[in-house]
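Enquirer: sharing a sequence plus its predicted fold:
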Amino acid sequence: MPNFKPQAGYIGYASVDGTIIRCNDFNINASQEVEWYDHTIGLRDNIASNLFESKGDQGENQLQKLIWRAGVKSYEGTITYYLTKDKADPFFEYARTGDGFDMEFVYFCNIKRDFLTCKVNSWTISATAGDILTVTVNIWCLGVTEERTTDFKYTDVEKLLTWDTLLLDIEGIDDDEGLSTFDMTINNNLRTIYTAGINFAADLNPALQRVGMQEINGNFSLYGDATSLFVFLESEAGRTISFTADSLSFVLNVLFHPSERTGQVGIMTTVIKFDAVWDQNAKGIDL
């Protein structure tokens, strides 16, 4: 019997462009399904029945599936991590631009995987009063390689970015109105493209990833009754949201949705949803 020894586990850190990100959760994996084909040896009933002139329960052979092929491969999954002081978030820029990148992930069990030609499908930041700023990234890639490694230790001390380090300037909200939560998602609506083996490597890997129309949306909640933000899309001009958390900074042009009113027992909050595009003047974006 093989003697398997306990190891430290799979959680580790991602490395992108020389920036190391400690991950709370890392779940990017390869998948490939077996595809079976029916009715290759005559028509056979799956369920014995006397209805509709079927053969009924007469003891005929119910053959197993025999004809199969390997399905196409896909590589995708989600990373969750906290923002830390004095460290840029490389995934944010790749989410904004839709550009490709390579990523390395070192698991704390002497395994390293290289994720090739990655793109960010979605990037979400969540901030809650009194808590840590958390980012969740959905990543797709075109291939993965794996090898053994002993270089899995990363011991740099980092300070987490908490709610009190976040500066949010939302046009139309007074400074004395209490912000409770802020969530925003960049969605690139990726599509995976496969092609014939004679035109690409005949290994069932995806050939390309196509970036779709980018969408930005989110919501924030305020303590109390924010009647000044009860607006309608057809009559309200766009406003701006300025976000700054240490080195992560951006400005959005936003359209607010009408505020919701919910009857409940507890602290009164007002939730405002928004859709957004980048403020090109503030960000210096060349689209």
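Expert: Looks like it came in fine.
Enquirer: can you pull out the helices in the stretch 151-287 of the chain?
Expert: 280-283 (DSSP state H, counting those that start in this stretch).
Enquirer: what about the stretch 101-250 of the chain, any weak spots by pLDDT?
Expert: 152, 174-177, 197-202, 225-238 (pLDDT under 70).
Enquirer: so G143 sits against T117, correct?
Expert: Yes: G143 lies in contact with T117 (Cβ atoms under 8 Å); the separation is 7.0 Å. For every residue, glycine as well, the C-beta is placed using N, CA and C.
Enquirer: report the contact partners of F101.
Expert: Neighbouring residues of F101 by Cβ atoms under 8 Å, 6 or more residues apart in numbering: V16, D17, P90, Y94, T117, C118, K119.
Enquirer: which one of those is nearest to T162?
Expert: P90 (21.3 Å; Cβ to Cβ).
Enquirer: list the beta-bridge partners for the residue nearest to the closest one when sequence neighbours are not counted.
Expert: Of all residues not flanking P90 in the chain, V16 sits nearest, at 4.4 Å (Cβ to Cβ, 6 or more residues apart in numbering). Taking DSSP bridges as the rule, V16 bridges to T19.
Enquirer: residues contacting V16?
Expert: V16 touches P90, F91, F101, D102, M103, E104, counting by Cβ under 8 Å, 6+ apart.
Enquirer: thinking again about what came up before, just the contacts of F101: which are in helices?
Expert: Among the contacts of F101, the members falling in helices (DSSP state H) are P90, Y94.
Enquirer: show me where the stretch 51-200 of the chain has strands.
Expert: Ranges of strands within the stretch 51-200 of the chain are 67-70, 74-82, 101-107, 111-128, 134-141, 143-148, 166-170, 179-187, 191-193, based on DSSP state E, counting those that start in this stretch.
Enquirer: any idea which of the ones you listed gets closest to L252?
Expert: Of all those, it is strand 179-187 that lies closest to L252, at 7.9 Å by Cβ to Cβ.
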